[in-house]
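> I would like to see how this sequence folds:
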Amino acid sequence: MGQRSERARERVLELGADLGSIESFYHVPVLLAVMAFMLWLRVRDWQRFVRDGQVVFSGNDAWYHIRETSYVVRNWPSTMPFDPWTSFPTGTSVGQFGTLYDQLVATAALIVGLGSPTEHTVALTLLFAPAVLGTLVAVPTYLIGRRLGGRFGGLVGVVVLALSPSTFLGRSVVGFSDHHVAEAFFQVLAVAAMLAALAVAAREKPVYEQFAERDLDGLRPSLLWAALAGVAIALYILVWPPGVLLIGVLGTFFVVALPVEYLLGRTPEPTAIAGAVALSVATAVLLLVAALGFYQFEPFELGTTTYSLLQPGLALAVTAGCLFLAWFARQWDTRGRSRIGYPAAVGGLLAAGTLLAAVALPDLYAFVAGQLERVVGFGSTATSLTVGEAQPPFNTGDPFGAQVNQALGFLNRSYGLAFYTAAVGAALMLGRIALGRAGENRTGYLLVVVWALFMTAAALTQARFNYYLIVPVAVLNAFLVGQVLRALASAEANGETNPWDVEAYQLLVVFAVVLVIAVPLVVGSPTAPAYADARSNPGNGIVGWQGALDWLDEETPDVGTYAGGDEMAFYGSYDPPADGDFDYPNGAYGVLSWWDYGHWITQLGHRIPVANPFQQNAHQAANYLLATNESVANRRLADESEGVRYTMIDWKMADPGPRTKFFAPVVWYDANNRSFTDSQFRAALLSGQGRQAQFQAYVPNQRYYETMLSRLYNFHGSAAEVQPVVLDYERPRFNDDGSLAAASIPTGGNASPVRQFDNLSAARAFAAEEGTARVGGIGRVPQERVPALEHYRLVHATERTTRSRSLPAASQNWVKTFERVPGATVEGTGPPNSNVTASVTMRMPNGRDTFTYEQRARTDGEGRFTMGLPYSTTGYDNWSVEEGYTNVSVRAVGPYEFRTNPEVENGTATFDNVTLSVPEANVVGEAEGPLTAELTEQSVDVPTNATGNATNATGNATDATGNTSASTSETNATNGTGNASNGTGSGPGGENGTNASTADENASAANASALAAPAVRTGAAAAERRSIGPARAVGPPARTAR
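Purely as a prediction, here's the structure:
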């Protein structure tokens, strides 16, 4: 028995030793396993981003990062000093790009590519960069969590990080290669370093006397860790210049922490010294990097988005503040004043300093206050609300209670119960500080709480900053778990809980706490895997634009070669111009589109956009797109006018339906200090009344049809006539300018908002009799005639199409590209004081679809008229890309026909006409002199029913567009509306730019289709459906001009 007992005792001791050994390193394999899961979650769908051998990215900004990274690969380690390939006609230098992030990715690409990586290798490296950085965030998260809650707590924090379906996960999946996840990594790294510096300072307790006595040995640990924290802070700012946000967080922390330390009876000098050293080192690193010229430094520019004196200046100010508060505490002690008065005195000085700055430096004060409001102050501007990632997680126009519910819903979806348990952890931290039980951790606790509060405010101000909030939530949960262990454990070693020396019930309690934190993340909707899968795709936008960008790259002149100039180097090194205005060569030109697409135009189209995702020239683009006069539109581009050769418009820009981009130019418009409301361009159709009213669709007002945006995309520069289509509605509300703002759709068994007639007279008679109806303002049918454009022509349209989101639903090309040309001048003669219409049939690139360009002129008293025609009919191959011009993909079927309106008398129709070929040389300005067109009179006998047939043809043409994809029963219409309601929600592209989600797009199309059914047709030709277009008169072949 004695021997057995001895052997059993030895086995127990061996088991205990084994458990102790496991306890000492168990966290390493667990941490690695969680990180492996995080990496797998982010990269498993990477092949979705390789299409036909080309790497594509999601969002917009990643496309500019590939440009910056490619430049660094060619010029390592230098970043691009100035870029003339965007923001035409000035070029630009953008501090948020070409940063340490791009240098790190370029360095990785150089390593992977053995010093000479291909473009594909560089793109793949950038593709995987967010997934790698997102996974590495687990390391500083664990280090902070371990400091606050021990090893087990640190692991719980990393599990929260891994399982949360939050913005951080969406911004760190493969393909979302923006700098956001790099920001998160380096911010967490800086906070972890600062916490370490504070802990060392609390332990070593450095004071002023040690500096006076040059006690370097005693100061070394504190100075070393504080210096490392300063380097980490500088690295964060070098990744993202607006990272001065962290300096603001630290400044607030020191203003709070130093008085708290003094109030608790401790000297604030150790904390102040740690802060002063860290921020002074950060200042030195920032100035050194600026001196070395790695980044574009704007010393006299006051802005957060560029490297300027703001970043080192603010760091230096916090340094001075730390030293002053420490000195002030000594002075307070010397005078024997009450400790409780010190915080009040500091608060008074801070208030006085703020007031002094507001009075003495109002511009600086306004700038700082504006930045605080924009980032953490729950403030939004109208233009910032057009940027998807800058929107708050609630509707700013809703009542406060609804906003609170929306914000809580956002946090619940991101963190489940973990956000609330983190709040409990923060409360426990503050409680331990207040009760004097925090020990040497008190300053670290306070920093984490201040950091968490700032990041919560930032996330609720701009939803994008939720990728910062995830780590404070994780580490506060780590602290909470650590506190539970501390309260339950029966033994502690070195101040750290021993998880093996606990009773069964204690393990159950800890397990229950972990379940409360983690289970909602595992079983909630969405889960992290589902969320990552939904975000792991490039989105429909770039896929829809690909054909247009490929065409732009291949079928338009290289930049610099327009009309025969010299090509500009795409990755050339360009010095910043002194006045910020780049001197472009004569053959350079710009491409105008909405700012969302600027980086795509640069990187994939290899052309220079006017507006870009930096929102540069967004006002000019909006003023141009919404202009109602061609000459005014060109003037609104100011210096850009002569150099802007192409305009690219996609369906999202032109479609006035919901969840499109049309609203954005309306917000940015500021020409002549005038603004518009959204309802002046499009009216909302509702179903139901009062609080039960539900949005169904938008219908355009006349102001919309007159915009350059609509005249180009919808009519291809052609004149557009009123058609016999009526919008019927009830309970209308009008804007101040008389346009329809909102109305209800008609009720009743056979009611429909769309009614179609055989002719305009019948349509107008119905609208007048009804009182609550209007002719036109539906689909591509204006309320009044829209004149033709003379200098813009459609040169390409993508074969990829989509359904419109406005009433009625119809197929439309994804992107259309237009060229601004001098146009061919035609001088002609015809009957005096008559209208002459020139028309030509153009064939779309798909070879199947055609459209008709029409323009009308009035002859004078002598029968003379002049027209400017933007479309050519012959000579395309003579003026192609090789000659410095456009290889147009939209070409004429035949010559122009010039015709006057027929006059029918006694069964005979009389009119004047002629045909005319317009060479490409005349349109592009390479042929001198005008073309001539002499109309001659024609007479034909008209059959008895010919006029009626022509009328019916017009009616039939009208019918089709109003009834596209219409359901044939009221039941189907109702189901369509129901499906639309069920379809709305956040899709994969919901956070990028002003992109609409796939779910919302489908829902909008369903609404439009539902409302279009059943369309009421009045007249004998109701059965026949064709697309809307101008009715062509019946007559003999036109005479050809010589």
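> Relative to His716, how far out is Val924?
As for Val924, its distance to His716 is 18 Å (criterion: CB to CB, to the nearest Å). Glycine gets a C-beta too; all of them are placed from N, C-alpha and C.
> Sorry, wrong one. I was asking about Ala478.
For Ala478, the distance to His716 equals 61 Å [CB to CB].
> cool, and Ala921?
Counting by CB to CB, the gap from Ala921 to His716 is 22 Å.
> Between those two, point out the one with more neighbours.
Ranked by neighbour count (other CB atoms under 10 Å), Ala921 and His716 place His716 first, with 24 against 17.
> Would you double-check that Ala274 falls in a helix?
Yes - checked against DSSP: H, G, I helix; E, B strand; the rest coil, Ala274 lies within a helix.
> Need the nearest residue in space to it, chain neighbours excluded.
Ala201 (4.0 Å; CB to CB, 6 or more residues apart in numbering).
> Quick one: residues contacting the one you found.
By CB atoms under 8 Å, 6 or more residues apart in numbering, the contact set of Ala201 is 222, 225-226, 270-271, 273-274, 443.
> Ok, Gly717 next?
Gly717 neighbours (CB under 8 Å, 6+ apart): 711, 788-789, 792-794, 818, 853, 870.
> Now the buried members of these.
Using 16 or more other CB atoms under 10 Å as the burial test, those include 711, 788-789, 792-794, 818, 853, 870 as buried.
> Return the member of these nearest to Phe176.
Phe818 (31.7 Å; CB to CB).
> wait, doesn't the closest one sit right on Ile649?
Yes - using CB atoms under 8 Å, Phe818 makes contact with Ile649 at a distance of 7.3 Å.
> joint contacts of these two?
In contact with both Phe818 and Ile649: Leu712, using CB under 8 Å, 6+ apart.
> give me phi/psi at the residue nearest to Trp879 when sequence neighbours are not counted?
Distances taken as CB to CB, 6+ apart place Tyr885 nearest to Trp879, at 4.3 Å, with adjacent residues excluded. For Tyr885, the backbone dihedrals (degrees, to the nearest 10) come out as phi -130, psi -170.
> ok, now Ser839?
Taking degrees, to the nearest 10, you get phi -140, psi 150 for the backbone angles of Ser839.
> what does Trp551 give?
Phi and psi for Trp551, reported as degrees, to the nearest 10, are phi -60, psi -40.
> Find the nearest non-adjacent residue to it, please.
His796 is the one closest to Trp551 (CB to CB, 6+ apart), at 4.9 Å.
> Equivalent analysis for Asn412, please.
Using CB to CB, 6+ apart, the closest residue to Asn412 is Phe419 (7.4 Å).
> now Gly482
That would be Gly149: by CB to CB, 6+ apart, it lies 2.5 Å from Gly482.
> Secondary structure element for that neighbour, which one?
If you go by DSSP states H and E, Gly149 is part of helix 138-163.
> Mean confidence (pLDDT) on that helix, please.
For helix 138-163, mean pLDDT rounds to 94.
> Now do the helix or strand immediately after it in the chain: everything it contacts.
The helix or strand immediately downstream of helix 138-163 is helix 167-171, counting by DSSP H and E. The contact list for helix 167-171 (CB under 8 Å, 6+ apart) reads 41-42, 130, 134, 137, 161, 176, 178, 180-181, 184, 414, 459, 463-464, 466-467, 470, 528, 531-532, 535, 991.
> Name the residues of the very next helix or strand once past helix 167-171 that come out as buried.
In the C-terminal direction, the helix or strand that comes right after helix 167-171 (DSSP H and E) is helix 180-204. Going by neighbour count (16+ other CB under 10 Å), the buried part of helix 180-204 is 180-202, 204.
> wait, which of the contacts of Ala201 is closest to Asp398?
Looking at the contacts of Ala201 and their distance to Asp398, the nearest is Thr443, at 39.9 Å (CB to CB).
> List the residues that contact the closest residue to the closest one other than its chain neighbours.
Computed as CB to CB, 6+ apart, the closest residue to Thr443 that is not its neighbour in sequence is Leu198, at 4.7 Å. If you count contacts by CB under 8 Å, 6+ apart, Leu198 has them with 271, 274, 443-444, 447.
> What is the nearest of the residues you listed to Tyr26?
Among the contacts of Leu198, and counting by CB to CB, the member closest to Tyr26 is Gly444, at 24.5 Å.
> The closest one: what's it in contact with?
Neighbours of Gly444 in contact, by CB under 8 Å, 6+ apart: 147-148, 195, 198-199, 202.
> Going by neighbour count, list what's buried in stretch 694-709.
By 16+ other CB under 10 Å, the buried positions in stretch 694-709 come out as 696-709.
> starting at the chain centroid, how far to it?
Averaging C-alpha positions (CA atoms, centre = their mean, to the nearest Å) puts stretch 694-709 23 Å from its chain's average.
> can I see the domain layout of this protein?
What automatic domain parsing lists as the domains of the chain is 2-32, 137-531, 830-903+911-927.
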